[in-house]
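> I would like to see how this sequence folds:
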Amino acid sequence: MQASFQQIEKNARLIMVIGALLMLLCIAAFSFTGNYFILAIPFVIVIAAWVILDWKSFYWFFIFSIPLSAEIHLGSMSTTVPDEQMMWIFVPLTLLVLAVNYKRIPHWFLKHPITLIIFLQFVWLVVAVFFSQNHFLSFKFLAAKIWFLVSYLLVSSMIIKDKKDIRKAFLLFSIPLMVHAVFVFIWHGIRRFDYWDSNFVVQPFYFNHVDHSTVLSMMFPLMLISYQLTKGKKNLNRLALALVIFLIPAIWYTGARAAMLGVIFCLVINFAVKKRLVNFVLPMFYIFVASMAFYLSNNYTFVKYRPNIKYTATQRTFGDLMTATFQGTDMSSMERFYRWIAVARMSQDHMIVGVGPNNFYDYYKNYTSPMFKTWVSRNEEKSTTHNYFMFLLVEQGWPATILYAILMMAIFAFGQRIYHRTQDPYYRNLTMGIVMMLAAGFVNNFFSELWETHKIGAMFYLGIIFLILLDHLTKKQLKEQLV
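Model (predicted):
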């Protein structure tokens, strides 16, 4: 036994010596060449060794890193560090794991109807890429979608197996996220909660206040459920309650209307699930939206709502923003109309496959209406449609839009089914929290394109994998009770 310990100690010393020599060599090479990428070599080797020796613990570190990842720009390219690089690693790693044993992906995930819908979405995405107007941009979008689905769905399905794993994932994700949220709130408070500063104080971890507010509105129901689940644990229960109370002003001072609507909608979904009414909510929502679209397009009714450009501006305070929203003088609202009109016109020319993923910006300006043009219509940041349904419609056609509508209905329907199937308080509360989180995200995503962003996309896909797992666990529990 003593000899084996001596051998381990000897190997550890050898590894330390080799590592130190490698670091010194890289520093010397950097000093000579000035190439910063050389400094990354030791870290790449350490990560590679970590993945090879224990890829599961690497996954848990990945979950922890998502809230703390920041966007950096490398010339014309941008990436988020370190979570995106870790997702790149998961793609070949998953292929290798499945090559050794393809049964590592559980049957409860592969056979689930929600998985089938997501698979059909991916298939249609490939079709849209094939017919794209600009294949290079569309292939970039496809690549990003692949490592999203692999990292958040496939890898998660192989690692997250029970309630203990769900709790672990929640803690690893929520702790750094909430710590940063408190920091942002304090910093924003020091700056007197200035509306224009709401974009500045969230950087570099969020692109803007919209991303930050969406994450907070999706965390709100999870914290509500945490408060329910920690009853009987005095300190944890008080902490959960404090975070729930904190999130109310935190969401308010982000100044994002969609996030506030998201919180209200998740509470509506809570009521609908309990009363077995959730299957009616989204169909009614879709009918309402379709009716409004028909009303505005019929006899060019939308022209009545064109803005007076003299009075259309970016608002200085959130109160001004709410007033301007109802008066039709808010710039961001009018800019949405400007782009939605372009989408409606573009979709008539590209109904089936769209113009191609990631291609909206290059083609929409010829379809816009000058009557709704605002001073930000130059769109120097190259943002897209500000509505996920229209985003899919214009870039991937009607099939992609319909599949997304079906996916969201399936998510709420299965959430309701799981909630009423089990009497286990943990499973019921957890299911409700996940469904409410996805409901808040759905509303935010109706006014933006957020499922493709890293933090919000992570919450969306992890919520889906948790829901599918809960469907499996509650079915298993029910069978055991009947035996």
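> going forward, measure contacts and count neighbours with C-alpha atoms only.
Fine.
> Ala258: what secondary structure?
Three-state secondary structure (criterion: DSSP: H, G, I helix; E, B strand; the rest coil) places Ala258 in helix.
> so how many other residues sit close to it?
Ala258 has 22 neighbours, counted by other CA atoms under 10 Å.
> which strand or helix spans the residue lying closest to it once chain neighbours are set aside?
Using CA to CA, 6 or more residues apart in numbering and skipping residues adjacent in sequence, the residue nearest Ala258 is Asn444, 5.1 Å away. Assigned by DSSP states H and E, Asn444 falls within helix 425-446.
> neighbours around the residue nearest to Ala258, how many?
The number of residues near Asn444, taken as other CA under 10 Å, comes to 31.
> then Phe61?
Neighbourhood size, Phe61 [other CA under 10 Å]: 16.
> quick one: contacts of the helix or strand encompassing it?
Under the criterion of DSSP H and E, Phe61 resides in helix 55-65. Judged by CA atoms under 8 Å, 6 or more residues apart in numbering, the contacts made with helix 55-65 from elsewhere in the structure are Trp50, Val51, Pro82, Asp83, Met86, Ile159, Ala169, Leu172, Phe173, Pro176.
> in stretch 465-481, which residues are buried?
Neighbour-count burial for stretch 465-481, with 16 or more other CA atoms under 10 Å as criterion, is recorded at Ile465, Phe466, Leu467, Ile468, Leu469, Leu470, Asp471, His472, Leu473, Thr474.
> among these, which ones are in strands?
Using DSSP state E, no member of the buried residues of stretch 465-481 falls within strands.
> what segments of the stretch 151-300 of the chain are helices?
Across the stretch 151-300 of the chain, reading from the start of the chain, the helices by DSSP state H, counting those that start in this stretch fall at 156-159, 163-190, 209-229, 234-252, 257-274, 278-297.
> about what we covered before: tell me the mean pLDDT for the helix holding Asn444?
Helix 425-446 comes out with an average pLDDT of 96.
> can you check what angle separates it from helix 163-190?
Helix 425-446 and helix 163-190 meet at an angle of 50 degrees, taking axes from the mean of the first three to the mean of the last three CA atoms, to 10 degrees as the criterion.
> could I get helix 425-446 in CSV with only the CA atoms?
As requested, the backbone C-alpha atoms of helix 425-446 are provided in CSV (Å, rounded to 0.1, in the frame of the first residue of the first chain):
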residue,chain,number,x,y,z
PRO,A,425,-45.2,17.0,-3.8
TYR,A,426,-41.6,17.3,-5.1
TYR,A,427,-42.5,16.2,-8.6
ARG,A,428,-45.7,18.3,-8.7
ASN,A,429,-43.9,21.5,-7.6
LEU,A,430,-40.9,20.8,-9.8
THR,A,431,-43.1,20.3,-12.9
MET,A,432,-45.1,23.4,-12.1
GLY,A,433,-41.8,25.4,-11.8
ILE,A,434,-40.5,24.2,-15.1
VAL,A,435,-43.7,24.8,-17.0
MET,A,436,-44.0,28.4,-15.5
MET,A,437,-40.3,29.1,-16.4
LEU,A,438,-40.9,28.0,-20.0
ALA,A,439,-44.1,30.1,-20.1
ALA,A,440,-42.3,33.2,-19.0
GLY,A,441,-39.6,32.5,-21.6
PHE,A,442,-42.3,32.0,-24.3
VAL,A,443,-43.7,35.5,-23.8
ASN,A,444,-40.3,37.1,-23.8
ASN,A,445,-39.5,35.2,-26.9
PHE,A,446,-42.6,36.4,-28.6
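> so which elements touch it?
Other helices and strands packing on helix 425-446, by 3 or more CA pairs under 8 Å, 6 or more residues apart in numbering; DSSP states H and E, are helix 209-229, helix 257-274, helix 388-421, helix 454-482.
> okay if I get these as JSON lines plus distance to Val202?
Shown next, in JSON lines, are the helices and strands packed on helix 425-446 (distance: least, CA to CA, whole Å):
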{"stretch": "helix 209-229", "distance to Val202": "7"}
{"stretch": "helix 257-274", "distance to Val202": "15"}
{"stretch": "helix 388-421", "distance to Val202": "23"}
{"stretch": "helix 454-482", "distance to Val202": "13"}
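> which of the ones you listed sits most buried?
Comparing these by mean neighbour count (mean count of other CA atoms under 10 Å), helix 209-229 ranks first with a mean of 24.
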